[in-house]
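>>> quick one: sequence plus predicted model below, questions after.
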Amino acid sequence: TIYCSGTGTTHVADPPNPPANLGPVQGYQKVSINVDLIWSSVDNATSYNIYLGTSPSLDSRDYIGNQTYCSFDPGTLDFNTTYYWRIDTVNANGTTRGSVWSFKTQQAPDPAVAAGNEHVAGLKIDGTVLAVGSNNSGQCNTGAWRDIIQIDAGSEHTVGLKEDGTVVATGDNYYGQCNVTGWYNMVFISAGEDYTAGLRGDGTVLCTGNCPALSSITGWSDVIMISAGGYHIFGIRADGSIVFAGSDGAGLFDFDAWTDIVQISSRFDHVVGLQRDNTLVSTGYCGNGGCDVNAWQDIIQVSTGLGFTIGLQRDGRVFATGSCWGGQCDVGAWEDITQVAAGYGSFTIGLQANGTVLFAGQSDSMNQELLNEWVLGETIISEEDDGHGGSSGGSCFVVTAFRTHAQHSSFFVLLLLGTVMLGVARLVRKSKKSS
């Protein structure tokens, strides 16, 4: 609950002024389905009328109620839906109509993969998370996680964003990179080598662990996407501009000419940005060829490892360039890929449209047999799940999904069923309440 300091204390003889939007950021496209609406207090307002709906022409049918607080919990919203909201200020001399603001909620969970130093995590459509690889710090202990909508992996830790906007983490916590308890209203997470960053619905950024230039990060605003690297972090603002904190690769990072950026990836010494026109730009140390991406076209996602870059084309093919000594660039034959993830060292992960996972490169700790059994589009979990997601040390022997004989033809049916299940759960909505 956010109390409105000063509400109704001055100038009560004048009509009330309209409030300012404090979150979610106007026009933001990936807002948590459990976001709170927050607005500024107005000195000459005694209360606030709240409107929330799915049409920009908000009317009496979208009226939620009147309250004196400056925040409101609308309950669990629908996935992938544009919402419009308005706050009218009230005092004894009348009501002032506020501006209409909008935001779009995140999509329902899609299968996803994340690659760390020697481990891989996989998000299933039922919101559970698999993990395989080195578990020396507990980074694979994700078996008990539920209701996850996004994952990422640091060097030896794994983080997950939940439907309710909170965050979970497991693994190495030497620097406090797993200290995410208490985070709320988060819409995106990104794991650096030994730190974790989170983007809130109001466009601000939190960080825990060995964070680069923490004081700078906490001052960011109007951010719509973040990308945590080894010793640096990037933020993308709504206008496509870049904010940056941390080590700049010995002065090699130059973003002055970058425009319309929608995604950034940087593990260590080179940075690649995806532009709105589906082309790539790069900067940093390029001696290994990791920056040779200017000729790539129709790219929809990019991922960088140590000295190499992986690009996903719209047609499901994958490009690779840079330091490929371990075979991590042997992705030319991959097809029907929906996401790629470059490991910190010498491997690449590809998620196929049928929910299976491909591996290229080498890793001493990776159990590829288990990885090959993953079908992230399924919701059936084997009895190997012990609620911990992995052993206490060594390699992870974790939850695996049963592979059906008809997996290729039934994948999209399973995906639809998973989405319907999530939709049914959302119908049991939290009662709307003021907070």
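Yes, it's here. Numbering: from 1, shown residues only.

>>> poorly predicted segments of the stretch 251-400 of the chain, please.
251-252, 378-400 (pLDDT under 70).

>>> first vs last residue of stretch 190-200, how far apart are they?
In stretch 190-200, first residue to last residue: 12 Å (Cα to Cα, to the nearest Å).

>>> and stretch 146-158, by the same measure?
Across stretch 146-158, first to last residue, Cα to Cα, it's 14 Å.

>>> buried ones in that stretch, by neighbour count?
147-158 (16 or more other Cβ atoms under 10 Å). Any C-beta I mention is one placed from the backbone N, CA and C, and that applies to glycine too.

>>> now secondary structure, distance to residue 202 and pLDDT too, for those, in a markdown table please.
Below are the buried residues of stretch 146-158 laid out as a markdown table (DSSP: H, G, I helix; E, B strand; the rest coil; distance: Cβ to Cβ, whole Å; pLDDT from 0 to 100):
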| residue | secondary structure | distance to residue 202 | pLDDT |
| --- | --- | --- | --- |
| 147 | coil | 22 | 88 |
| 148 | strand | 22 | 93 |
| 149 | strand | 19 | 92 |
| 150 | strand | 18 | 94 |
| 151 | strand | 23 | 97 |
| 152 | strand | 21 | 97 |
| 153 | strand | 26 | 97 |
| 154 | coil | 25 | 95 |
| 155 | coil | 29 | 94 |
| 156 | coil | 31 | 96 |
| 157 | strand | 26 | 98 |
| 158 | strand | 26 | 98 |
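
>>> which of those residues lies closest to residue 98?
Ranked by distance to residue 98 (Cβ to Cβ), these are led by residue 149 at 30.3 Å.

>>> ok, and the closest non-adjacent residue to the closest one?
Excluding the flanking residues, the one nearest residue 149 by Cβ to Cβ, 6 or more residues apart in numbering is residue 109, at 4.6 Å.

>>> what's the burial count for that neighbour?
Neighbours of residue 109 under the rule other Cβ atoms under 10 Å: 24.

>>> ditto for residue 284
When neighbours are counted by other Cβ under 10 Å, residue 284 registers 21.

>>> kindly report the same for the one 5 residues further on.
Residues near residue 289, counting by other Cβ under 10 Å, number 17.

>>> skipping adjacent residues, who's closest to it in space?
In space, and not counting its chain neighbours, residue 289 is closest to residue 322: 4.6 Å by Cβ to Cβ, 6+ apart.

>>> I figured that neighbour hits residue 293, correct?
No - Residue 322 is not in contact with residue 293 according to Cβ atoms under 8 Å; the separation is 9.2 Å.

>>> tell me, what's touching the two both at once?
Listed contacts common to residue 322 and residue 293 are residue 309; contacts here mean Cβ atoms under 8 Å, 6 or more residues apart in numbering.

>>> quick one: mean pLDDT for stretch 88-100?
The predicted model assigns stretch 88-100 a mean pLDDT of 95.

>>> now do the helices in the protein.
Ranges of helices within the chain are 214-217, 368-373, 407-427, based on DSSP state H.

>>> ok, so of the buried residues of stretch 146-158, who is nearest residue 242?
residue 152 (19.5 Å).

>>> show me what contacts residue 332?
318, 320.

>>> thinking residue 307 is in contact with residue 286, fair?
No - applying Cβ under 8 Å as the test, residue 307 and residue 286 come out as separate, 9.4 Å apart.

>>> overlap in contacts, the two.
Residues touching both residue 307 and residue 286 (Cβ under 8 Å, 6+ apart) are residue 270.

>>> so which elements touch the lengthiest strand in the chain?
Across the chain, the longest stretch assigned as strand under DSSP state E is strand 82-91. Counting contacts by 3 or more Cβ pairs under 8 Å, 6 or more residues apart in numbering; DSSP states H and E, strand 82-91 is packed against strand 37-39, strand 47-53, strand 94-96, strand 100-104.

>>> which parts of that strand are buried?
For strand 82-91, the neighbour count (16+ other Cβ under 10 Å) marks 83-91 as buried.
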